[in-house]
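Peer 1: I would like to see how this sequence folds:
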Amino acid sequence: MFSMTKPIAFNQPQVGGLRELAPLPGRARIPWWLAALLVLALMGGLWWFTRDEDPESLVQSRLVGPRSPAPVSVAILLDESGSFTDYDQVRRQVLDQLTEWAPENLRPDDLVTVVSFASDAAVKMPTTRVADLANRPPAYAPTAPGGGTDIQPALRLLTDGTEATKASVSLVAVTDTMIGDADPDAIGDLVHGLGATTMSVITPTGVEGDWRDAFGWELEINADAGSVDQTALAVGEAFAHATGQRLEAR
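Peer 2: Below is the predicted model:
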């Protein structure tokens, strides 16, 4: 006779004759110091990829951050007196960089004007919409007449030639600050008449003096007058000041 054993139900435990199940292996624990090193490495990698780098040229930079919905009208005042004669080509290249950079970083209805000054003043580039800068390169007028350095004629020229717009006016002066007519009251009246909301000055590296008492510019930027890239970047910083944004590398 064959003996038969009763089948065990699926959920019925077996009793006797079976080995107990081996315990499941536990998770390997990472030493605390190794975990700390891994966290530091991850943080370092995150910083490397998100760090802010200083741009090396204006065309390699961009404006970032929110800005007012109102357009801006930036007037660049170029000192073309005798002390800056050797840098005429530098500033021309700076303006070329600006006209390439502006359409990608400013709004189409923003305005740019360039006025040169020495003993007298001249419009180097008439007030131009940024949208138009993208369509055609501007034609630059000759150097301002005279061998002195007077900034008031440039401010008067802007006051007389600026049409009423909704744009907020920002002044950017590129000068060595050796100004012959730096009268605080007269300059203050002219600036007030323009309705300027921000003022920046770009000076050659190492310039010292009491000119700040006469101008009261909000932002002072130093740049090597013989360097196209440094001067152009300084202009970009001034535009960032005008729009309330910041300049960073692309």
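
Peer 1: show me where the chain has strands.
Peer 2: With DSSP state E applied, the chain shows strands at 61-64, 72-79, 111-117, 121-129, 168-174, 196-204, 219-223, 246-249, listed in chain order.

Peer 1: average pLDDT for the first one?
Peer 2: Summarised as a single mean, pLDDT over strand 61-64 is 96.

Peer 1: related to what we said a few turns ago, output the strands of the chain in TSV, with distance to residue 93 appended to each entry.
Peer 2: C-betas here are computed from N, CA, C, even on glycine. Formatted as TSV, the entries for the strands of the chain read as follows, by distance: least, Cβ to Cβ, whole Å:
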stretch	distance to residue 93
strand 61-64	16
strand 72-79	13
strand 111-117	14
strand 121-129	14
strand 168-174	13
strand 196-204	15
strand 219-223	13
strand 246-249	19
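
Peer 1: Let me see the contact set for residue 168.
Peer 2: When contacts are counted by Cβ atoms under 8 Å, 6 or more residues apart in numbering, residue 168 is found next to 68, 70-73, 195, 197-198, 242.

Peer 1: one more time with 7 Å
Peer 2: Residue 168 makes contacts with 70, 72-73, 197, as judged by Cβ atoms under 7 Å, 6 or more residues apart in numbering.

Peer 1: Type out the ChimeraX command that picks the buried ones from those.
Peer 2: Once 16 or more other Cβ atoms under 10 Å is used to decide burial, the buried members of these can be selected in ChimeraX as follows:
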select :72,73,197
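
Peer 1: remind me which residues of this protein are low pLDDT?
Peer 2: Low-confidence regions of the chain, defined here as pLDDT under 70, cover residues 1-30, 32-33, 35-36, 41, 43-53, 136-145, 161-166, 208-216.

Peer 1: what about the helices in it?
Peer 2: Under the criterion DSSP state H, the chain contains helices at 32-50, 88-105, 130-133, 152-161, 184-194, 212-215, 228-243.

Peer 1: Residue 172: which of those helices is closest?
Peer 2: When the helices of the chain are ranked by distance to residue 172, counting by Cβ to Cβ, first place goes to helix 228-243 at 4.3 Å.

Peer 1: isn't residue 72 right up against residue 110?
Peer 2: Yes. Shown here, residue 72 and residue 110 form a contact pair, counting by Cβ atoms under 7 Å, at 5.2 Å.

Peer 1: Bridged to residue 116, which residues?
Peer 2: Bridge pairing for residue 116 (DSSP bridges) gives the partners residue 78, residue 122.

Peer 1: burial count for it?
Peer 2: Counted with other Cβ atoms under 10 Å, residues neighbouring residue 116 total 28.

Peer 1: I am finished for the moment; much appreciated.
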